[in-house]
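Chemist: Build me a model:
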Amino acid sequence: MGISKTSLEKKSKILYGFLLLANDLIFAGISCFLAYYIRFFTKLYGSAKPTYLLDKNYILYSVIFISALVIISLAFRLYFWSSIYRNTNYYLKIISTPVLSLILTLIIGRAYKAFPFSRLWIFDLLILSIFFLFFSRLLIGNITEKIFLKRGIQSDGLSFGISKARTFAPGGTGLGLPGAVGKTAPNRIISIDALRGFDMLLIMGASEFAIAVLALIKTGWASRLAEEFVHVEWNGFHFYDLVFPLFIFIVGLTVPFSLEKYRRSNRKGNGEGNNINTDFGNAYKRIISRTLILFLFGLIANGLLDFNFPEMRWLGVLQRIAICYLCAAIISLHIPKKWQPMSLGIIIAGILLGYWAILKLVPVPGGVAGDLSQQGNLAGYLDRLLLPGRFCCYSLGDNEGILSTLPALGTALLGVLAGNLLQADKPPKFKVKWVFIGGAVLLAAGVAWNFALPVNKILWTSSYVLFAGGWSLLLLGLFYFLIDYKGYKKCAFPFIVIGMNAITIYFISMIFDFGIIVNIFVHGFINYLGDGRDAFYIFCVIAIKWLFLFFLYKKKIFLKV
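Modeler: Numbers count the residues shown, from 1 in each chain. Below is the predicted model:
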């Protein structure tokens, strides 16, 4: 007598439940270990040296956190047994588990007054635990999906792990999306514009506004948080160090979409358009013209029209963007689509390993190989030797110098890889899953490489490329998931307005002071605001810039470089 389908489904669900329980236990432990290790045993936060603390209280409360997470996760699973295998609030349940666990841990610590709180440790633990839970559910989903499909069990419990366009929930569309029809619609990916706008908002003044607001709080944690909105002086990583690599990543991200119109199907043969011919002539006209315009804008922003060439800065943000776009677009144009993932991976690995070898093995004249100090690094030496004019950020080299542009190309190519994934004929869940997985892998690789080659924005070290690339992919995954997958486009509108004209506002802000307009309206009363004066002024500047972009958006005026 065979096993009934109901019995089989029940046993499979119980098996899945135990897998989730073991998963939560393992990955909560990994999260605690990494949070402790990153905070106290690395220089990732820009401190002069690691503290190398080994406090038993942290270990004790890590155990409490792990236990609380497992218990809360089990309670959720039992309480929501009828819906835990469906998409209903699935992501909210995953996020709420570590949040509640951390709150419980902090309450216990405060009750006994024995917990030496480190807010950076708490922050790391929260981010890592949420991230690892998502990531581990993907792994479980891939394992159990085949079992569920093979047995014909109609349950969508794999939720985040389903990578095929199938569904088991009644009335589903195959993707867990209302009205989805199997493959991604050929519409504009709004999340890219929103992510670009989010990044540009920080450059428009949001970082200064955050610093000004945190200065009003006058507490230790506010002071420490304010440091995240300025660049690390040399080795290390702050949140603000993500801004420029994220923008270059987005430049690479848009390359596959911008070049697609130059690839046309050849209907000869089987008539399915499998062979692709590329209009290289028009593609190169577009690539070269865009590069030259960006480079020219960069020179003008740096003072070209002042005609003071000996004191002018010849390289800069827009110049680096132009060079990275040029190289990434040409590489992408000449590699067939089906070979791009492997080929670009090899090229990126070659660039990062080659740059590592150059920094470590090639000494400057009179110096020693592997010297990565401000005075002795090879990149700074080449800038002093070859670049005329002034430098930016430190006197011994340029922040966007000659040699460090090479690994920046790796950042752009990471974006090209992500763009190919978003452009692929795959279900949205598949794309979200692999963007998050890619971000996790790069983040881990960047942390590991940091011990041999420090994360350093000015040198744009290989470990910095991976670490910033990991965060860029995670942000892309978050924006894509919320905006294009879940459909929260209205909430993203302020970012979209900025993102549609990002280069416009960057260039105009370099040559025009929007504070002049703000002073017209606020000069009379702003001095009565006391300590809040600076924060209010910066907020007004950001608002004026946004209203300017909103005007362009409503008039459908977009600077297409």
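Chemist: Where do the helices of the stretch 451-561 of the chain begin and end?
Modeler: Taking DSSP state H, counting those that start in this stretch to define them, one finds helices in the stretch 451-561 of the chain at 462-479, 493-499, 502-511, 515-522, 533-554.
Chemist: Serialize those helices to JSON lines and add fields for mean pLDDT, mean neighbour count and distance to residue 190.
Modeler: Bear in mind the C-beta positions are built from the backbone N, C-alpha and C, glycine included. What follows is the helices of the stretch 451-561 of the chain, written out as JSON lines (pLDDT from 0 to 100; neighbours: other C-beta atoms under 10 Å; distance: least, C-beta to C-beta, whole Å):
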{"stretch": "helix 462-479", "mean pLDDT": "93", "mean neighbour count": "25", "distance to residue 190": "9"}
{"stretch": "helix 493-499", "mean pLDDT": "92", "mean neighbour count": "21", "distance to residue 190": "6"}
{"stretch": "helix 502-511", "mean pLDDT": "88", "mean neighbour count": "19", "distance to residue 190": "14"}
{"stretch": "helix 515-522", "mean pLDDT": "87", "mean neighbour count": "14", "distance to residue 190": "29"}
{"stretch": "helix 533-554", "mean pLDDT": "91", "mean neighbour count": "17", "distance to residue 190": "13"}
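Chemist: Need the contact partners of stretch 490-500.
Modeler: 190-198, 200-201, 204, 479, 482-483, 489, 505, 546, 549-550, 553, 558 (C-beta atoms under 8 Å, 6 or more residues apart in numbering).
Chemist: Does residue 384 touch residue 395 like I think?
Modeler: No - the criterion here is C-beta atoms under 8 Å, and residue 384 misses it with residue 395 at 9.3 Å.
Chemist: who has more neighbours, these two?
Modeler: Counted by other C-beta atoms under 10 Å, residue 384 and residue 395 do not tie: residue 384 has more neighbours, with 15 against 11.
Chemist: Tell me the pLDDT of the more buried one.
Modeler: Looking at residue 384, its pLDDT reads 88.
Chemist: so it is in which element?
Modeler: helix 378-386 (DSSP states H and E).
Chemist: Tell me where the model's unsure across this structure.
Modeler: 1-15, 41-55, 77-93, 112-118, 137-187, 264-276, 561 (pLDDT under 70).
Chemist: Strands of that one, start to end?
Modeler: 263-266, 275-278, 393-394, 397-398 (DSSP state E).
Chemist: Can you pull up the most central residue in this structure?
Modeler: residue 472 (1.6 Å; C-alpha atoms, centre = their mean).
Chemist: if I pick that residue, what's in contact with it?
Modeler: 242, 245, 246, 249, 250, 411, 414, 415, 439.
Chemist: again, only this time at 7 Å
Modeler: For residue 472, the contact set (C-beta atoms under 7 Å, 6 or more residues apart in numbering) comprises 245, 246, 249.
Chemist: residues of stretch 124-132 that come out buried?
Modeler: Of all the residues in stretch 124-132, those buried under the rule 16 or more other C-beta atoms under 10 Å are 124, 125, 126, 128, 129, 130, 131, 132.
Chemist: JSON lines for the residues you listed, including distance to residue 326?
Modeler: Output for the buried residues of stretch 124-132, formatted as JSON lines (distance: C-beta to C-beta, whole Å):
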{"residue": "124", "distance to residue 326": "38"}
{"residue": "125", "distance to residue 326": "42"}
{"residue": "126", "distance to residue 326": "40"}
{"residue": "128", "distance to residue 326": "37"}
{"residue": "129", "distance to residue 326": "41"}
{"residue": "130", "distance to residue 326": "38"}
{"residue": "131", "distance to residue 326": "34"}
{"residue": "132", "distance to residue 326": "38"}
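Chemist: is it true that residue 236 touches residue 457?
Modeler: No - using C-beta atoms under 7 Å, residue 236 is not in contact with residue 457; the gap is 8.8 Å.
Chemist: More neighbours: the two, which one.
Modeler: For residue 236 versus residue 457, neighbours defined as other C-beta under 10 Å are more numerous around residue 457 (25 against 21).
Chemist: residues in contact with the more buried one?
Modeler: 231, 232, 241, 464.
Chemist: Just the ones of the residues you listed in helices?
Modeler: Residues of these located in helices (DSSP state H): residue 464.
Chemist: hmm, back to that, other SSEs contacting the helix holding residue 384?
Modeler: Packing contacts for helix 378-386, counted by 3 or more C-beta pairs under 7 Å, 6 or more residues apart in numbering; DSSP states H and E, involve strand 397-398.
Chemist: Can you spell out which helices and strands pack onto the strand it packs on?
Modeler: Under the contact definition 3+ C-beta pairs under 7 Å, 6+ apart, strand 397-398 sits against helix 378-386.
Chemist: Output the helix it packs on as CSV, nothing but the C-alphas.
Modeler: The C-alpha trace of helix 378-386 is given here as CSV (Å, rounded to 0.1, in the frame of the first residue of the first chain):
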residue,chain,number,x,y,z
LEU,A,378,53.7,52.9,-6.8
ALA,A,379,50.4,54.5,-7.9
GLY,A,380,51.2,57.8,-6.2
TYR,A,381,54.7,57.7,-7.6
LEU,A,382,53.4,57.3,-11.2
ASP,A,383,51.0,60.2,-10.6
ARG,A,384,53.8,62.5,-9.5
LEU,A,385,56.0,61.4,-12.4
LEU,A,386,53.4,61.6,-15.2
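Chemist: got the buried residues for that helix?
Modeler: By neighbour count on 16+ other C-beta under 10 Å, the buried set for helix 378-386 is 378, 379, 380, 381, 382, 383.
Chemist: what's the second one in contact with, if anything?
Modeler: Meaning residue 379. 397, 401, 403, 404, 459.
Chemist: Include distance to residue 74 and neighbour count when you put these into CSV, please.
Modeler: Putting the contacts of residue 379 into CSV (distance: C-beta to C-beta, whole Å; neighbours: other C-beta atoms under 10 Å) gives the following:
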residue, distance to residue 74, neighbour count
397, 55, 25
401, 54, 24
403, 53, 22
404, 49, 28
459, 47, 26
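Chemist: Just the closest of the residues you listed to residue 214, please.
Modeler: Minimum distance to residue 214 across the contacts of residue 379 is 28.4 Å, recorded for residue 459 (C-beta to C-beta).
Chemist: so the closest one makes contact with residue 404?
Modeler: Yes - with contact defined as C-beta under 7 Å, residue 459 counts as touching residue 404 (5.7 Å).
Chemist: Looking at the buried residues of helix 378-386, which is nearest residue 75?
Modeler: Comparing the buried residues of helix 378-386 against residue 75 with C-beta to C-beta places residue 379 closest, at 53.6 Å.
Chemist: how much space between that closest one and residue 350?
Modeler: From residue 379 across to residue 350, the span is 18 Å (C-beta to C-beta, to the nearest Å).
Chemist: Could you do residue 435 as well?
Modeler: For residue 435 relative to residue 350 (C-beta to C-beta), the value is 23 Å.
Chemist: Check residue 298 too.
Modeler: With C-beta to C-beta as the criterion, residue 298 and residue 350 are 27 Å apart.
Chemist: before we move on, what about residue 459?
Modeler: Taking C-beta to C-beta, one finds residue 459 at 18 Å from residue 350.
Chemist: need the helices for the stretch 101-250 of the chain, in chain order.
Modeler: Under the criterion DSSP H, counting those that start in this stretch, the stretch 101-250 of the chain carries helices at the ranges 119-151, 190-201, 207-217, 220-227, 243-259.
Chemist: In contact with residue 374, which residues?
Modeler: Residue 374 neighbours (C-beta under 7 Å, 6+ apart): 234, 380, 394, 396.
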